[in-house]
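K.L.:
sequence plus the predicted model coming up.
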Amino acid sequence: MTTRVLFLHGLEGHPNGSKVRYLRKQGFEVEAPDMGMGMFVWGRRHSVLRSLLRLHEVRGALLIAVLGVLAVPWNPLALCATVVSLGALVSRRDHLFAAALSRSFDDCVRVAAEAASRSEADVLVGSSWGGAVAAELLASGRWTKPALLLAPAMGRVHRRARRKDAAERIQGLALAASQLPVRVVHDPVDDVVPFADSVMLAAQTPVALVAVEGGGHRLLEFVHGGGIDEAIGELIA
């Protein structure tokens, strides 16, 4: 019987990335929803760039700035308004980035949850950003089957997005992992998502952490060396 996988891609990933192609080549039936995520890629509907431009504060400041530029040339009040508006955006850039990142994350969770509600997959696999999204599905009870999280960016997302529900989500994930198999695979030399985050996650929850020499953050050696096949098989056994 063919094993069915629901795969959630990384931050700049897409539904036909190398991990998805590998799993399909190995005979897995893979469903990979496009979360439309990217950092500053306009063409991706849930990118942080687009989320920034959806914030009322950013829209208002940009509108004032544009009107100031289009006003009567050399109008000192209009130019002053433009400078002040743009200055306000710069001074609050960290707060605005966090708000936009949080919004993008919620949008991706919504896409993944919709896919999960329709899916008949046997296991959920999430990579990096997708691992954080997968953890959210587990924590909120929207996924109730085995899950494999590859270098999950849960801690990093919570920090950079300044989310206030981190402790609550950890509790939810702990409850889920106490009732079904959840495994985290992470390379200690990962230079994108700190390995320490996965160590802390394993200490706070029943999630099983497996440290591998898997090729850094992307874990390509672990994947293409057959490690992911074995992990999926063990989870659903």
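P.N.:
That came through, no problem. Residues are numbered from 1 along each chain as shown.
K.L.:
bridged to the closest residue to residue 208 other than its chain neighbours, which residues?
P.N.:
Of all residues not flanking residue 208 in the chain, residue 183 sits nearest, at 4.7 Å (C-beta to C-beta, 6 or more residues apart in numbering). C-beta coordinates here come from the backbone N, C-alpha and C atoms, glycine included. With DSSP bridges applied, residue 183 shows beta-bridge pairing to residue 148, residue 208.
K.L.:
isn't residue 126 up against residue 134?
P.N.:
Yes. Between residue 126 and residue 134 there is a contact under C-beta atoms under 8 Å: 3.0 Å.
K.L.:
what do the two both touch?
P.N.:
Counting by C-beta atoms under 8 Å, 6 or more residues apart in numbering, the shared contacts of residue 126 and residue 134 are 8, 147, 149, 152.
K.L.:
nearest to residue 117 among the residues you listed?
P.N.:
Lowest distance from residue 117 to the shared contacts of residue 126 and residue 134 (C-beta to C-beta) belongs to residue 8, with 14.0 Å.
K.L.:
list phi and psi for the closest one.
P.N.:
phi -110, psi 120 (degrees, to the nearest 10).
K.L.:
ok, the one 3 residues further on next?
P.N.:
Summarising the backbone geometry of residue 11 under the convention degrees, to the nearest 10, its torsions are phi -50, psi -50.
K.L.:
what does residue 163 give?
P.N.:
Per-residue torsions, residue 163: phi -70, psi 140 (degrees, to the nearest 10).
K.L.:
thinking again about what came up before, run through the residues that contact the residue nearest to residue 208.
P.N.:
Applying C-beta under 8 Å, 6+ apart, the residues near residue 183 are 147, 148, 149, 207, 208, 209, 210, 231, 234, 235.
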